[in-house]
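[1] Structure for this input, please:
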Amino acid sequence: MKPSLLIIGLGNPGKAYDQTRHNAGYQALDVLSAAFGVGEWTERQKFAAVVQEARVITFPVLLVKPTTYMNMSGEAVQKLVDFYKLDPKEQVLVLSDDIDIDLGELRFRKKGGPGTHNGLKSIVEHYGEDFPRIRLGLGQRNGPYDLAAWVLSRPPEEEQKVLDEAYAKLPEMVKDYVLGNLNPKQ
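    Alright, predicted model coming up:
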C-alpha cells in the first residue's frame, strides 16, 4: 500500500522511555492506532521505524514511530518520504511533545520552526520548516529539574489524565486534517 499520508509520532524507542513525557508522539500514535489502525505494528529496518498501516476514512495512512531516537528523527522521515515519493508539505503529519504549550493543549500548525524540540530540529534539517505538525502540550516543568531529565520522566497520574484527555481528541483532528488536505473534492 502506498500511503496518502505518513503520521509520524516522535519519541525514543525502548522500555526505558515508555510513557515518558518526551514520548507523547508515540503515545498519540497508539490512540490513532486504536481508531484507524489495520493489522499489527511491524519493525521496518529499512525505514528505521516501527510502522502500522491505517485507514482514515478511505485514505491509506502509515503510522510511524521512528526508532532512530529523537535527535535523528529526520533520518527515518527522509527514508519514508523518499521511498514512497511523498511531499512533506502535504503528506507528512508530525506529532510531538512541546514544553512551551500548556499541559493538554493540542496545537496544529501547517509549518513553523522547531523551537527547542530536537526531533523537530532534525526534520527541519532535512525538509525545512514547511511540514504540518500537531504539538502536544506538556506545560512547564515545576521546580529546578534538569529539562532533559524532566522530559524523560513519567508524568504523575493527574498530568497523565490531562494528556490522555488530549490524546482522545486526536482522531477527530486527524480526520479533519485528512478531509481538508487530502480530499480533492473539498
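[2] mind checking which helix or strand of the chain has the lowest mean pLDDT?
    The helix or strand of the chain with the lowest confidence, counting by mean pLDDT, DSSP states H and E, is helix 147-151 at a mean of 86.
[3] pull the CA atoms of that helix into PDB?
    The C-alpha trace of helix 147-151 is given here as PDB (Å, rounded to 0.1, in the frame of the first residue of the first chain):
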ATOM      1  CA  LEU A 147      15.000  19.800  31.400                       C
ATOM      2  CA  ALA A 148      16.300  16.600  29.800                       C
ATOM      3  CA  ALA A 149      15.600  14.600  33.000                       C
ATOM      4  CA  TRP A 150      12.100  16.100  33.300                       C
ATOM      5  CA  VAL A 151      11.000  15.300  29.700                       C
END
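[4] Can you list the neighbours in contact with it?
    20-22, 97, 99, 138, 141 (CB atoms under 8 Å, 6 or more residues apart in numbering). Every residue, glycine included, has its C-beta placed from N, CA and C.
[5] chain center to it: distance?
    On the basis of CA atoms, centre = their mean, to the nearest Å, helix 147-151 sits 19 Å off its chain's mean C-alpha point.
[6] quick check, nearest of the contacts of helix 147-151 to residue 14?
    residue 20 (10.4 Å; CB to CB).
[7] check contacts around that closest one.
    Counting by CB under 8 Å, 6+ apart, residue 20 has contacts 12, 151-154.
[8] wait, is residue 162 part of a helix?
    Yes. Assigned with DSSP: H, G, I helix; E, B strand; the rest coil, residue 162 falls within a helix.
[9] Please verify my assumption that it contacts residue 102.
    No. With contact defined as CB atoms under 8 Å, residue 162 does not reach residue 102; the gap is 9.5 Å.
[10] Those two - which one has more neighbours?
    residue 162 (17 against 12; other CB atoms under 10 Å).
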